[in-house]
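**Student:** A predicted structure for the sequence below; I have some questions about it.
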Amino acid sequence: MLHVENLKVRYGAITAVHDVSLEVKEGELVALIGVNGAGKTTTLSAIAGVVKTVSGSIYFEGQSIVGKSPEAILKLGVAVVPEQRDIFPSLTVEENLHMGAFSRHNHREYLADLKETFILFPILEERFQQLGGTLSGGEQQQLAIARSIMAHPKLLVLDEPSLGLAPKIVDQIFSLIVTLRTRGSTILLVEQNVNRTLDIADRVYLINNGRVEIQGTPDQLRSQGAIKDIYLGK
Amino acid sequence: MKKANLTHWFSSYSTIIILTVPMLIMAGLTDLFAGSLLIRIVTALFVSMVVVLGMQVFMGNSGILAWAHVGFMGIGAYISSICSMTPTTKEIAIPQIYPFLLNLHFSFIPSLLVGALVAVVIAAIISYPLMRLSDTTAAISSFALLIIINTVLIHWDKVTNGPRTLFGIEELTTVWTAVFSAILILIFAYLFKESSLGLKLRASRDDYHAAQAMGINITQVRYYSFVIGAGIASFGGGLFAHYITSFTPSAFYMAETFNILTMLVVGGTMGVSGAVIGTIVVTFAREGLRAVENFINLNHVLPFDVVGLTEVLLATALILILIFRPEGILGGREFRWMPKKSAKKKIEEPASVQVNE
């Protein structure tokens, strides 16, 4: 579904991503892990069309999306939930969810999606008329994910959904990701929480210094022991 | 369930009724009982409200400081005046006028609409590149636009009579035309805010990048609202011209920008209710302070004359509001009739609508 080959991204003089190749197949839950500054978020930004690439190619469903605008990429079916959650604090939960549904104009479908959302995220039903900014961190994260799902993306990209959340809430978010996965969503997940990620992912790419260091199934990565080397130093 | 739906609908539009009924009462009472001075004040209030609402449409929803707004008010004032004046008056008032403008002569409302239309066209032509800018750069470029418009108004003798006073405009703006214009624009501004365009714009105000990630073309939604806001400002400018009946280009510059901006900021930029309340509060505060200032000076209450007390106190009040209530008196909230029912029941509405279908 998504093919990234030899991606290189530069911010001015600093090369954030040197050479990243990865693949996400339909129905998979693929994770990118790595320390701070490894280039995970930059890779996602390149996929989402927010930053320009220097070289390399990105294909989504066989179509090159390099150089396309973020709007165009979203319309093709790639929805990114950014690291900072980025919900709209002065809009109500309802309006926030509505934002995700703009690509779909049918009101009946919108209501059906809303009902679906309330099953997955019961807390949002309770907070429906509240302003987004008044929600707790975990609730905001749920809202951000729910909003992306409203657009029916073919590929859901989650950038560090557990960042800054209490351990109990992190549990909720991870089990939510598993639920989404079993319901058939294709997910590309970026995480720092390595153990939790290895528990749920189908395949994992470990990125270090802007390159893919290791890739494989969680079991393969665990057995190689390379994770410790990268996270703790050799 | 139908009833719940209706209640929901009524609750969302109650803002319009809650705001317009007191405005109508105010206009009615003024017309019946007030003396000429108060009628002038209340008429000016509703004229200002039109311009403030126009500014709210752009600035309130996009979060971008709009300096150029009053420039478009000026364009509307001049164009509508040229349209409504008789050729004979025009020959005296603007001696160098272009011949094709000389013979233009419309009645009041069409003149206002032509003024608004001209501003819309000008805004549509020049503003698109500006909408790509955010924050400080957007504010400064918008300020530069105000300077450009003002300079053109001052020097285009053949249209505006240059820096000299333009006089001879008929006084056609009554308290009733002003209040109905304000109500019309208020309804429009509220519907705009709640429309999908308004929602997209408010989202871009909250978080530029997230809104972009949702697939919103921010430059475009800003552009539409800027052009609409310019049209409303220009319409308000036309009302102003036919209220004040003589003015110079300096009427549409810094002082008026500050005046309009204060009204919007005091009430709260993010809501239509804020624009309405801000206009009322600032208008009466100014008139009250002016009366006090005059009283002090005429009766020699103090050993010296106080000059500019009104302006200084109003500016101080603005600073205090920005410090203690940066989101304005209403903080962006709207007056809204809330049905008395449990929070739980309200939430079930969308789901129950779904079941019906």
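**Tutor:** Great, that's in hand.

**Student:** which SSE is B:Ala315 in?
**Tutor:** helix B:309-324 (DSSP states H and E).

**Student:** Give me the contacts around that helix.
**Tutor:** B:258, B:262, B:265-266, B:282, B:285-286, B:289-290, B:292-293, B:296, B:328-329 (CB atoms under 8 Å, 6 or more residues apart in numbering or on different chains). All C-beta atoms are positioned from the backbone trio N, CA, C, and that covers glycine.

**Student:** So what's the residue count around the closest residue to chain A within the stretch 101-250 of chain B?
**Tutor:** In the stretch 101-250 of chain B, no residue comes nearer to chain A than B:Ala210, which is 3.2 Å away by CB to the nearest CB. Per other CB atoms under 10 Å in any protein chain shown, the neighbour tally for B:Ala210 reads 23.

**Student:** give me phi/psi at it?
**Tutor:** Here is the backbone geometry of B:Ala210 (degrees, to the nearest 10): phi -60, psi -40.

**Student:** so what's it closest to, chain neighbours aside?
**Tutor:** In space, and not counting its chain neighbours, B:Ala210 is closest to A:Asp86: 3.2 Å by CB to CB, 6 or more residues apart in numbering or on different chains.

**Student:** can you pull the contacts of that neighbour?
**Tutor:** Contacts of A:Asp86 (CB under 8 Å, 6+ apart): A:144, B:207, B:209-210, B:213.

**Student:** related to what we said a few turns ago, looking at the contacts of helix B:309-324, state which has the most neighbours.
**Tutor:** B:Val266 (26 neighbours).

**Student:** just checking, it touches B:Ala275?
**Tutor:** No. Assessed by CB atoms under 8 Å, B:Val266 is found out of contact with B:Ala275, at 9.9 Å.

**Student:** can you map out the helices along the stretch 151-300 of chain B?
**Tutor:** B:157-160, B:175-194, B:196-206, B:208-213, B:218-244, B:254-267, B:272-298 (DSSP state H, counting those that start in this stretch).

**Student:** Is the residue in chain A positioned nearest to chain B in a helix, a strand, or coil?
**Tutor:** Minimum separation of chain A from chain B (CB to the nearest CB) falls at A:Asp86, amounting to 3.2 Å. Following DSSP: H, G, I helix; E, B strand; the rest coil, the label given to A:Asp86 is coil.

**Student:** Tell me how far it lies from A:Ile207.
**Tutor:** As defined by CB to CB, to the nearest Å, A:Asp86 lies at a distance of 22 Å from A:Ile207.

**Student:** Just want the phi and psi numbers for the spatially most central residue of chain A.
**Tutor:** With distances taken as CA atoms, centre = their mean, A:Leu158 lies nearest the centre of chain A, 1.5 Å away. The phi/psi pair for A:Leu158 (degrees, to the nearest 10) reads phi -110, psi 120.

**Student:** so who does it touch?
**Tutor:** By CB under 8 Å, 6+ apart, the neighbours of A:Leu158 are A:81, A:145, A:177, A:187-190.

**Student:** so of those residues, which ones are in helices?
**Tutor:** Judged by DSSP state H, the subset of the contacts of A:Leu158 located in helices is A:145, A:177.

**Student:** between the contacts of A:Leu158, which is nearest B:Trp67?
**Tutor:** A:Val81 (36.3 Å; CB to CB).

**Student:** pretty sure the closest one is in contact with A:Val157, am I right?
**Tutor:** Yes. Counting by CB under 8 Å, A:Val81 touches A:Val157, with 6.8 Å between them.

**Student:** Comparing the two, which residue is more hemmed in?
**Tutor:** A:Val81 (27 against 24).

**Student:** Show me what counts as buried in stretch B:186-205.
**Tutor:** For stretch B:186-205, the neighbour count (16 or more other CB atoms under 10 Å in any protein chain shown) marks B:186-190, B:192-194, B:197-205 as buried.

**Student:** What lies in contact with that stretch?
**Tutor:** Residues outside stretch B:186-205 that contact it (CB under 8 Å, 6+ apart) are A:88, A:90-91, A:95, A:98-99, A:102, B:12, B:15-16, B:19-20, B:23, B:49, B:53-54, B:56-57, B:60-63, B:210-212, B:214, B:216, B:218, B:221-222, B:224-225, B:228, B:232, B:270-272, B:275-276, B:334.

**Student:** Buried ones among these?
**Tutor:** Buried residues within these, counting neighbours by 16+ other CB under 10 Å: A:88, A:90-91, A:95, A:98-99, A:102, B:15-16, B:19-20, B:23, B:49, B:53-54, B:56-57, B:60-63, B:210-212, B:214, B:216, B:218, B:221-222, B:224-225, B:228, B:232, B:270-272, B:275-276, B:334.
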